[in-house]
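Student: Here is a sequence with its predicted model. Questions after.
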Amino acid sequence: MPAWKRVGELSKEVLAEEMYELKIITQFSAAHRLENFYGKCEALHGHNWKVEVYLQGERLDEAGLVKDFGELKARTREVLEALDHKYLNDLPEFRHQNPSSENLARYLFDRLTATLNTNSVRVSRVSVWESDTSCASYFLP
């Protein structure tokens, strides 16, 4: 039997493992420097950071959505407002750790999960791009 015909016969147990994923892409600009790093990034410099936020949900709401993209973008903008056009090393969150792409990804993940996670939806990953070719992601398995 072709695979497309077998799909209609899947048990409810298999269907319960379905997952939807949303992604938005946004950006912010900020300066930083990396301490205890020996290279160009030790000096003050800035980036136009690109941020990808991934959201997962097992089911759709009554409108057929995991989450309204507008709400996801608004909550993300609110979190990024604290970073945009700032010197990241001066922020309390980065006084004792470098504002590296890795630490920024975790910072954003933690704040976004606090505002977006519900019983049926969760932030699954945040990726922070400091250039067109380099990014760091933070996620929980």
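Tutor: Good, I have the coordinates.
Student: in which helix or strand would I find the residue most central in space within the chain?
Tutor: Most central in the chain under CA atoms, centre = their mean is Val126, positioned 2.2 Å from the mean C-alpha point. For Val126, the host element (DSSP states H and E) is strand 121-131.
Student: Could you list the buried residues of that strand?
Tutor: Within strand 121-131, the residues that count as buried by 16 or more other CB atoms under 10 Å are Val121, Arg122, Val123, Ser124, Arg125, Val126, Ser127, Val128, Trp129, Glu130. For the C-beta atoms, the positions are set from N, CA and C on the backbone; glycine is no exception.
Student: Make a markdown table out of these and add distance to Ala82.
Tutor: Shown next, in a markdown table, are those (distance: CB to CB, whole Å):
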| residue | distance to Ala82 |
| --- | --- |
| Val121 | 23 |
| Arg122 | 22 |
| Val123 | 17 |
| Ser124 | 22 |
| Arg125 | 20 |
| Val126 | 15 |
| Ser127 | 19 |
| Val128 | 14 |
| Trp129 | 19 |
| Glu130 | 18 |
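Student: What mean pLDDT does the strand holding Val126 get?
Tutor: Mean pLDDT, computed over strand 121-131, is 97.
Student: who does that strand touch, helix- and strand-wise?
Tutor: Secondary-structure packing of strand 121-131 (3 or more CB pairs under 8 Å, 6 or more residues apart in numbering; DSSP states H and E): strand 45-57, helix 101-116, strand 134-138.
Student: Export the shortest one to PDB, keeping only CA atoms.
Tutor: To tie it back to what came earlier, the one meant is strand 134-138. Taking Å, rounded to 0.1, in the frame of the first residue of the first chain, the C-alpha atoms of strand 134-138 are listed here in PDB:
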ATOM      1  CA  SER A 134      27.800  33.000  12.200                       C
ATOM      2  CA  CYS A 135      25.100  32.300  14.700                       C
ATOM      3  CA  ALA A 136      24.600  30.700  18.000                       C
ATOM      4  CA  SER A 137      21.400  28.900  19.200                       C
ATOM      5  CA  TYR A 138      20.000  28.000  22.600                       C
END
